[in-house]
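Asks: Fold the following.
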Amino acid sequence: MLFRESLACLATSLLLSASGNAVAQDAQALRKDCDETAWQEVLQPHAGPVDARGIWLDRRTLQWPGSTGAERVRLHHSAGGTIRAVAGQAVQGADGVIDLQASDAALAPRFKHLAPGARWRLSDADAARLPGLLAGQWMLVREAADGTVADATGLQSPGLLDDLFAAASSLPELGVRLGGSPRHTHFTLWAPTARRVALCVYPSDSAAASEAAWMQPDPATGAWRHEAAVDWSGRYYRYLVEVFVPGTGWVRNRVTDPYAVSLGTDSRRAYVADLDDAALKPPGWDRHGAPAKVKSSTDMVVYELHLRDFSIGDTSVPAAHRGTYLAFTHERSRGMRHLRALARAGMTDVHLLPVFDLASVPESGCVTPKVPHAAPDSEAQQAAVMAEAARDCYNWGYDPYHFNAPEGSFATRPADGAVRVREFRRMVMALHRAGLRVGMDVVYNHTAAAGQQAQSVLDRIVPGYYHRLDASGRVERSTCCDNTATEHAMMAKLMVDSVRLWATQYRIDSFRFDLMAHQPRAVMEALQADVDAAAGRPVQLIGEGWNFGEVANGARFVQASQLSLNGSGIGTFSDRGRDALRGGSAGDSGEALVRRKGYLHGVASLPRDEALRLADQVRVGLAGTLRGYRMQTASGEVKRLDQIDYAGQPAGYASQPGEVVNYAENHDNQTLFDNNALKLPRGTSREDRARVQMLAVALNLFSQGVSYFHAGIDTLRSKSLDRNSYDSGDWFNRLDWRYQDNFFGTGLPPAGDNRASYAVFQPLLADPAIKPGPREIAWARDAFRDLLAIRASSPLLRLRSAEEVQRRLVFHNTGPGQDPALMVGQLRGDTEELIYFVNVESTPRALVVDGTAGQRWRLHAAHRSPTAADRRAAREARFDSATGRFSIPPLTAVVFVRG
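Replies: Numbering: from 1, shown residues only. Next comes the predicted model:
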């Protein structure tokens, strides 16, 4: 008996030992897989078709555009991805087949863009089986009478996944969460079509894996989870995701977390962090607050700034901090003195071009091109810059890699995930202390990569879900890159969760959305409500409402576009006033850049009809582009602004002034100085070029709505005529806070977007009379601040409602008999009254303003100040009380105040 018991114990021991060894070997093998450097391994190749013309509408219904409903259509599936569907042959390699029945179900609005075609229905029993069949290949087959393949296609899955896993939209913990006592580390990844997901954990951003574990699926949400009974703060991680990819097969992707809050070098690994940990907060972070400058969107005056541009050339910043977050912490640097002066004058916000994790700049080993000192119109400079463009340290950053993590190339130690977080927060604190709110330029309309490319994240976790697809299943690219689909529930959730994180964890005060019209209005409104509630304060949202691409004119949903956002409170950039001031359009090149002049370039040389049209378009901007505002037009008729034509669209489109963003220059296209260099008469003096620039500033600041300026507009910034400097390196994107140089004539700009205009550019760049000197730059700097102070001094220039604008703003000098060179607006408040005048001609102008005779009007205090930059206004602008006649000097903007 004892002998038999001993044998049993020995057997049990051996079995346990073998089991333990197997587990250890499996863990060791998994860690080895974690350490492989390849981003992908193909486990089971699949050479089948990659088109996806079939559309899942929900878990029970699909549509095949082009089908009639009279055919026999069946749905084949294979866990191994082995289906072969060749025309004229029977389907091979399927594990099973589902018979479909014609359906008369109504088409949901989200699918209104689909071409006509029959809809097909699964039985309830087959629909119930779907969750267990998701991991693998699907093929929709139209059969001939003999049962062979007549046509076959893959399927687009977002409608199915949004229906099956609707509960995932409410998941609060995607990404990493640390909690409990003792603290545990929880990982959650949404990957509903994966067959296996493993977690890899590393002690640093370059060391071998120290931990690896298979994650557990949640059938209700499609999420995979792992909980470690330890605190892994400060470690790094990534996932191994096994998923089927049409045309590739079963793959094992080594991929980072879409919800990563920080990363290691070049974003190869995500970083484990609780952003509430004290170690990630600079001293005073929890106590500091943003300046209380903005009570309404119309109070916003924004300075758009690229983080690297701000300091890379500023020698008053320590060399190690130039081009980084920490440059903003040097209070005595030239750049920070400049920003503080703007804040004192009335600037409210600095908007940073993309500072989330971006794909285009190497975070280690980026190079600085050696640019030769060549002729001002030489091609040598751009050749040197572009030779290193793929490896240099510069890009605007409109190529999102990870939406929720700070960019590493702006950190002093990109390998340390904690450093990115702390230094970003130090930057925010420094700007807040300088009297400026902080805005972010965010890009949720596309990603840097899709499919199975190395820098694709979303598509390598859930293939075919996060991006907007065309009728054949290819990713749409109308935005320039791989378009995301925020009409899909989990892409919308990612965007909302991301903005909430930046607003709450980094105290971001406002957001600018790149190509916002590629997102649904409903999602943007839900985002606004969510973020305001989470932050406990209003968070202003503005964005590009351009209507184009596959979503144009509401093809797929009601867009967050200019014409569709009215009444939402979300602001869009207005091209109405922009084009009127600058002339032409954003797509001009060659001779059109010179020929198509704007209001700023003198109306006397224009046909009268064109001069009157431009003057009316400028008034549209001054009145906040409000659709219901009524004014007398050049024809003599009184019209609402939405009855005035702008390129086939209503000129007025906003319901409230806070829904429009006024600008004459931003990072896109030529700077205003460069635009004016192309359009002003060649003999225009340097002084007058500076004055024209400030006329555009004045018209912007006098306009109702949000005022938006590109950094350097106040220092006559030039990019040497570059129309698209996104990848033009430091050389063509420089700022000089010494106020000595504006960098005009520093070589022909990069050929890619500019070569067609070289013949126009060369004589201008070679002309030394166009380039301003330190005197003109300093004058523009100070005149800009004076104009900021004027806007800040009066709520009449920042009215909050359309009703107030209609009641308080009156234009003079309108109708067919007007002098279009003189813009005149009168604003009547309860306790103050002002009139602004802008003379865009090089000769004086005068106007009798009805009702002002016998009244007392004097120049605004900013003009009368002994430190005022524009002495011409103080010397020559006059009001004759006896007649009500105002005299305005050439190329001058002035404000008179009653009393």
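Asks: C-alpha only now, for contacts and for neighbours.
Replies: Noted.
Asks: List the buried residues of the one helix or strand Ala615 maps to.
Replies: Assigned by DSSP states H and E, Ala615 belongs to helix 608-622. Buried residues in helix 608-622, counting neighbours by 16 or more other C-alpha atoms under 10 Å, are found at Ala611, Leu612, Arg613, Leu614, Ala615, Asp616, Gln617, Val618, Arg619, Val620, Gly621, Leu622.
Asks: Could you tell me which residues make contact with the fifth one?
Replies: In other words, Ala615. Ala615 makes contacts with Ala580, Tyr599, Pro820, Ala821, Met823, as judged by C-alpha atoms under 8 Å, 6 or more residues apart in numbering.
Asks: how many neighbours does the fourth one have?
Replies: Around Ala821 sit 25 other residues, with neighbours defined as other C-alpha atoms under 10 Å.
Asks: confidence score at it?
Replies: If you check Ala821, the pLDDT there is 98.
Asks: so what's the nearest residue to Gly473 once chain neighbours are set aside up against?
Replies: Sequence neighbours aside, Ala52 is the residue nearest to Gly473 in space, at 4.5 Å (criterion: C-alpha to C-alpha, 6 or more residues apart in numbering). Neighbour list for Ala52: Thr153, Gly154, Leu155, Gln156, Ala471, Ser472, Gly473, Arg474 [criterion: C-alpha under 8 Å, 6+ apart].
Asks: Now do the helices in the stretch 551-700 of the chain.
Replies: With DSSP state H, counting those that start in this stretch as the criterion, the stretch 551-700 of the chain has helices at 575-582, 592-595, 608-622, 672-679, 686-701.
Asks: ok so, going back, now the contacts of Ala52 as CSV including pLDDT, distance to Asn395 and neighbour count?
Replies: Below are the contacts of Ala52 laid out as CSV (pLDDT from 0 to 100; distance: C-alpha to C-alpha, whole Å; neighbours: other C-alpha atoms under 10 Å):
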residue, pLDDT, distance to Asn395, neighbour count
Thr153, 96, 40, 23
Gly154, 96, 37, 23
Leu155, 97, 37, 26
Gln156, 98, 34, 27
Ala471, 97, 33, 17
Ser472, 97, 33, 16
Gly473, 97, 30, 20
Arg474, 97, 27, 18
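Asks: Reformat those as CSV; add distance to Ala374.
Replies: CSV is the format used below for the contacts of Ala52 (distance: C-alpha to C-alpha, whole Å):
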residue, distance to Ala374
Thr153, 58
Gly154, 56
Leu155, 57
Gln156, 54
Ala471, 51
Ser472, 50
Gly473, 49
Arg474, 45
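Asks: Dump those residues into CSV; add secondary structure and distance to Ala327 as well.
Replies: Below are the contacts of Ala52 laid out as CSV (DSSP: H, G, I helix; E, B strand; the rest coil; distance: C-alpha to C-alpha, whole Å):
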residue, secondary structure, distance to Ala327
Thr153, strand, 54
Gly154, coil, 51
Leu155, strand, 50
Gln156, strand, 47
Ala471, coil, 48
Ser472, coil, 48
Gly473, coil, 45
Arg474, coil, 43
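Asks: what residue ranges in the stretch 351-500 of the chain score low on pLDDT?
Replies: Within the stretch 351-500 of the chain, no stretch has pLDDT under 70.
Asks: Let me see the ranges of the helices in it.
Replies: 380-387, 417-433, 489-505.
Asks: now the longest strand anywhere in the chain against helix 417-433, angle please.
Replies: Longest strand in the chain, counting residues (DSSP state E): strand 236-245. Angle of strand 236-245 versus helix 417-433, following axes from the mean of the first three to the mean of the last three C-alpha atoms, to 10 degrees, is 100 degrees.
Asks: in strand 236-245, what counts as buried?
Replies: Residues of strand 236-245 classed as buried: Tyr236, Tyr237, Arg238, Tyr239, Leu240, Val241, Glu242, Val243, Phe244, Val245 (neighbour count, 16+ other C-alpha under 10 Å).
Asks: that older thread, show me which of the contacts of Ala52 is closest to Tyr646.
Replies: The shortest gap between Tyr646 and any of the contacts of Ala52 belongs to Ala471, at 32.6 Å (C-alpha to C-alpha).
Asks: show me the contacts for the closest one.
Replies: Ala471 touches Ala52, Arg53, Leu114, counting by C-alpha under 8 Å, 6+ apart.
Asks: switch to 7 Å and redo it
Replies: By C-alpha atoms under 7 Å, 6 or more residues apart in numbering, the residues touching Ala471 are Arg53.
Asks: and the residue lying closest to Thr625 once chain neighbours are set aside, how far is that from Arg254?
Replies: Spatial nearest neighbour of Thr625, excluding adjacent residues (C-alpha to C-alpha, 6+ apart): Gly652 at 4.5 Å. Here the distance between Gly652 and Arg254 works out to 50 Å (C-alpha to C-alpha, to the nearest Å).
Asks: Please apply the same query to Ala552.
Replies: Per C-alpha to C-alpha, Ala552 is found 36 Å from Arg254.
Asks: the more surrounded of these two?
Replies: Neighbours per residue (other C-alpha under 10 Å) separate Ala552 from Arg254, with Arg254 holding more: 28 against 16.
Asks: partners of that one in the sheet?
Replies: Beta-bridge pairing for Arg254 (DSSP bridges): Leu240.
Asks: Ok, Ala654 next?
Replies: Assessed by DSSP bridges, Ala654 has beta-bridge partners Leu626.
Asks: Could I get the contacting residues of it?
Replies: For Ala654, the contacting residues are Asn566, Thr625, Leu626, Arg627, Val660, by C-alpha under 7 Å, 6+ apart.
Asks: If we use 10 Å, what do you get?
Replies: Applying C-alpha atoms under 10 Å, 6 or more residues apart in numbering, we find Ala654 in contact with 562-572, 574, 624-629, 641-642, 660, 705, 802.
Asks: Buried residues, stretch 181-191. List them.
Replies: Neighbour count says stretch 181-191 has His184, Thr185, His186, Phe187, Thr188, Leu189, Trp190, Ala191 buried, by 16+ other C-alpha under 10 Å.
Asks: same question, stretch 619-637
Replies: Applying a neighbour-count criterion of 16+ other C-alpha under 10 Å, one finds 619-634 buried in stretch 619-637.
Asks: Likewise for stretch 100-118?
Replies: Within stretch 100-118, the residues scored as buried using 16+ other C-alpha under 10 Å are Leu100, Gln101, Ala102, Ser103, Phe111, Leu114, Ala118.
Asks: And for stretch 722-738?
Replies: 722-737.
Asks: Let me see the mean pLDDT of that stretch.
Replies: 98.
Asks: how far does it sit from the chain's center?
Replies: 19 Å (C-alpha atoms, centre = their mean, to the nearest Å).
Asks: ok, now stretch 251-271?
Replies: Distance of stretch 251-271 from the chain centroid (C-alpha atoms, centre = their mean) equals 21 Å.
Asks: That one: end-to-end distance?
Replies: End to end - C-alpha to C-alpha - stretch 251-271 spans 24 Å.
Asks: average pLDDT for it?
Replies: Mean per-residue pLDDT for stretch 251-271: 98.
Asks: secondary structure element for the nearest residue to Gly69 once chain neighbours are set aside?
Replies: Nearest non-adjacent residue to Gly69, counting by C-alpha to C-alpha, 6+ apart: Ala118, 4.9 Å away. Using DSSP H and E, Ala118 falls within strand 117-121.
Asks: No more questions from me, cheers.
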